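S.K.: Below is the sequence, then the predicted model.
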Amino acid sequence: MTPLPRLRWWICGLLFLSTVINYIDRQTLSVLAPYLKVEFNWTNTDFALIVIAFRIAYAFGQTASGRAIDKLGTRRGLLLSVTWYSVASMITSMAVGLKSFAVFRLLLGLGESANWPGAAKAVSEWFPKNERGWAVAIYDSGSSVGGAIAPILVIWLHQTFDSWRPAFLIVGSLGLIWLLAWSRLYYPPATHPWLTPQERSAIAVMHEEERRTEMQAIQTPEQNSGQDKPSIGRLLSLRTTWGIIFGKSLTDPVWYFITDWFAIYLVSKGFRLENTLIGFWVPFLAADLGNFFGGGFSSYLIKRGWNVVDARKFVILITGLGMALLAPAAFTSNFAALIGLFALSTFSYAAFSTMCLALPADLYPSSTVASVSGMSGTGAGIGTIISTFLIGWVSDRYSFGPILVVASMVPLVATAFVFLLVRRGPQPSSVS
């Protein structure tokens, strides 16, 4: 076969597309929520229970799927994952009420839980540390792109068919198309038939350098027993692991509040969803820009001589402060101001998240990257489950105001945990 130059970036493009599809699938319910609440007479608490069903499966599935991908490999792991969640999304069109929606969303969460651990592992296999910020930004930006596409696509499908059922069926089929491209393009670097000799050699050198410094950033010499694949317990005994887990666990609920509840929040403020589509996607576009700001700025600092983890932490500091700008949205009903504040918060969240997603590949050997990424996803899922229940309960009894204020404060705590627990890592190698 003819070698494909810069193959790693083509693979990164596929990871981006998988994330876009992943988010369109999960956002279908959130976009349709105002219509479904009327049809099925749900309260916000009822809707929260359906979201929690997804979150439980998604949270605990990430640790399990991360470990499974470390064993199965990235290619097979993501083939299984995308097949599973595509089918789960399609069969949601058969739902008849609260319980069936909850079951189908639980199945969707199980399948989607492998996306981020699998993407993190792929990046660790193909990219050097000074490029990983960009690679993570690209695939993670798929979440905001998917979130921006979903309302336009789903509402169009709802209006075209005058029913919500075709939306789940058609959106779910997108993943099946992606599977054809993934099965054709993705193989491990060591065996990929389209890899140029130069890129294959550079990747081999990168992994050899990383093996020599393996676990350097998270273990003292006497702790390093030469394990190729430390157990979950061993990884959890390291404070760096907990820094990454807390960083994700305390900030992801802010993002999921926006993705799961934004349509309902706008309706609660008196806006019609059909008339606010332009504003609806602005926070998601801002998140997309935040991904690239985080990845690009940290990569710039690394090239300027900063230590890898110091560069990631600096971005985390300024964007952790940026998420606090969500609080003023509780005190305005001006649509432009409200959208602007949400956009600033999602921009900051996305940059923060990109750094948290890059850290496992920066600090851990490739054989454990998906495991650590999965554990941080599980922690984030647990935090999101708790916050989702509280959002439903508080919004039914009071308003969304207290939720926005708390959502501005918690990321500051997350920033503090990252600075206290995550240690410096080695300088990056490079792949030409």
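M.R.: Perfect, I can see it now. Numbers count the residues shown, from 1 in each chain.
S.K.: What does the pLDDT read for residue 414?
M.R.: pLDDT, residue 414: 96.
S.K.: ah, wrong one, I meant residue 49
M.R.: pLDDT, residue 49: 92.
S.K.: is it true that it touches residue 103?
M.R.: No - if you go by Cβ atoms under 8 Å, residue 49 and residue 103 don't touch, sitting 11.7 Å apart. C-beta: built from backbone N, CA, C; applies to glycine.
S.K.: the helices in the stretch 301-432 of the chain, which residues?
M.R.: Shown for the stretch 301-432 of the chain, the helices assigned by DSSP state H, counting those that start in this stretch span residues 308-322, 335-363, 366-397, 401-421.
S.K.: in the chain, which segments are predicted with low confidence?
M.R.: 1, 207-229, 273-275, 424-432 (pLDDT under 70).
S.K.: One more pass at 50, please.
M.R.: Along the chain, segments meeting pLDDT under 50 span 215, 217-227, 426-432.
S.K.: chain center to stretch 30-39, what's the gap?
M.R.: Distance, stretch centre to chain centre, for stretch 30-39: 24 Å (Cα atoms, centre = their mean, to the nearest Å).
S.K.: Show me the contact partners of it.
M.R.: Contacting residues not belonging to stretch 30-39 are listed as 29, 42-43, 46-47, 101, 150-151, 154-155, 158, 164, 167, 259-264, 267, 273 [Cβ atoms under 8 Å, 6 or more residues apart in numbering].
S.K.: Pull out the buried positions in it.
M.R.: For stretch 30-39, a neighbour-count test (16 or more other Cβ atoms under 10 Å) marks 30, 31, 32, 33, 34, 36, 37 as buried.
S.K.: Residue 27 touches residue 258, doesn't it?
M.R.: No - with contact defined as Cβ under 8 Å, residue 27 does not reach residue 258; the gap is 10.8 Å.
S.K.: Residue 405 and residue 260, how far apart?
M.R.: For residue 405, the distance to residue 260 (Cβ to Cβ, to the nearest Å) stands at 18 Å.
S.K.: Between the two, tell me which one has more neighbours.
M.R.: residue 260 (27 against 16; other Cβ atoms under 10 Å).
S.K.: Now residue 179. Nearest residue, chain neighbours left out?
M.R.: residue 82 (5.7 Å; Cβ to Cβ, 6 or more residues apart in numbering).
S.K.: Spit out the contact partners of the one you found.
M.R.: Residue 82 makes contacts with 18, 21, 111, 115, 175, 178, 179, 182, as judged by Cβ under 8 Å, 6+ apart.
S.K.: go with 7 Å
M.R.: Each residue near residue 82 by Cβ atoms under 7 Å, 6 or more residues apart in numbering is listed here: 18, 175, 178, 179.
S.K.: same check, this time on residue 77
M.R.: Counted by Cβ under 7 Å, 6+ apart, residue 77 has contacts 68, 69, 114, 118.
S.K.: quick one: which of the residues you listed is nearest residue 395?
M.R.: Using Cβ to Cβ, residue 114 comes nearest to residue 395 of those, at 31.1 Å.
S.K.: Was I right to think that closest one contacts residue 65?
M.R.: Yes - with contacts counted by Cβ atoms under 7 Å, residue 114 reaches residue 65, the gap being 3.7 Å.
S.K.: shared neighbours of the two, anything?
M.R.: With contacts taken as Cβ under 7 Å, 6+ apart, the residues that reach both residue 114 and residue 65 are residue 81.
S.K.: measure residue 420 to residue 407 for me?
M.R.: Per Cβ to Cβ, residue 420 is found 22 Å from residue 407.
S.K.: Which of those two has more residues huddled nearby?
M.R.: A direct count of neighbours by other Cβ under 10 Å for residue 420 and residue 407 places residue 407 higher, at 26 against 11.
S.K.: what comes up buried for stretch 327-343?
M.R.: 327, 328, 329, 330, 338, 339, 340, 341, 342, 343.
S.K.: Look up how far residue 343 lies from the first one.
M.R.: Computed as Cβ to Cβ, the residue 327 to residue 343 distance reads 15 Å.
S.K.: would you turn the buried residues of stretch 30-39 into TSV with secondary structure and distance to residue 145?
M.R.: Shown next, in TSV, are the buried residues of stretch 30-39 (DSSP: H, G, I helix; E, B strand; the rest coil; distance: Cβ to Cβ, whole Å):
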residue	secondary structure	distance to residue 145
30	helix	15
31	helix	15
32	helix	19
33	helix	21
34	helix	23
36	helix	24
37	helix	26
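S.K.: Relative to residue 377, which of those is nearest.
M.R.: residue 30 (19.1 Å).
S.K.: any chance you could map the strands in this protein?
M.R.: Ranges of strands in the chain, per DSSP state E: none exist.
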